[in-house]
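Trainee: model this:
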Amino acid sequence: MARVVVDVMLKPEILDPQGQAIAGACSRLGFEGVAQVRQGKRFEVEVEGEVDDAKLADVRRLAETLLANTVIEDFEVRVS
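Mentor: Now for the predicted structure:
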C-alpha cells in the first residue's frame, strides 16, 4: 500500500473566517507574531501497489471531483 496526501486550502482571495478566528485567539493565548492563519483540510488516500502517473492522475481526479470545491479551493497532491 502506498499513501497519497491531498492538501486542500481555500483560494487566497476567499475569506477564511475560521482562520481569522484562530489568528485572533493566538494573541489572546500568548502566541505573539502570528499575522495570519488559513484553515485547510488534509486527506490521506491509500492506494494499492506502487504510485505511478496513472494512480496520481486518479487521485487528482478524486480530489477535483470529491475532496475539493474547486470554485473556492485549491488542492495539492503528493506522495507521502
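Trainee: can you give me the offset of stretch 8-18 from its chain's centre?
Mentor: Its chain's C-alpha centre and that of stretch 8-18 lie 11 Å apart, by CA atoms, centre = their mean, to the nearest Å.
Trainee: what's the span of it, first residue to last?
Mentor: By CA to CA, to the nearest Å, the extent of stretch 8-18 from end to end equals 15 Å.
Trainee: same deal with stretch 6-23?
Mentor: Start-to-end, stretch 6-23 (CA to CA) is 24 Å.
Trainee: average pLDDT across that stretch?
Mentor: Summarised as a single mean, pLDDT over stretch 6-23 is 97.
Trainee: in that stretch, which residues are buried?
Mentor: By neighbour count on 16 or more other CB atoms under 10 Å, the buried set for stretch 6-23 is 6-10, 16, 19, 22-23. In short, each C-beta sits where N, CA and C put it, glycine included.
Trainee: correct me if wrong: Met9 contacts Arg38.
Mentor: Yes: Met9 is in contact with Arg38 according to CB atoms under 8 Å; the separation is 6.1 Å.
Trainee: looking at the buried residues of stretch 6-23, which is nearest Val71?
Mentor: Within the buried residues of stretch 6-23, proximity to Val71 (CB to CB) peaks at Leu10, which comes in at 10.7 Å.
Trainee: any idea how far that closest one is from Asp16?
Mentor: Using CB to CB, to the nearest Å, we find Leu10 at a distance of 5 Å from Asp16.
Trainee: list residues touching both of those two?
Mentor: 38-39 (CB atoms under 8 Å, 6 or more residues apart in numbering).
Trainee: I'd like the next helix or strand past the helix ranked longest in the chain.
Mentor: Looking across the chain with DSSP state H, the single longest helix is helix 17-28. Note on helix 17-28: by DSSP states H and E, the next helix or strand toward the C-terminus is strand 40-47.
Trainee: what strands line up against that next one, and which way round?
Mentor: strand 2-10 (antiparallel) (DSSP bridges).
Trainee: ok, and what's touching the strand it pairs with?
Mentor: Contacts of strand 2-10 (CB under 8 Å, 6+ apart): 16, 19, 38-47, 49-51, 55-56, 59, 62-63, 67-68, 72-80.
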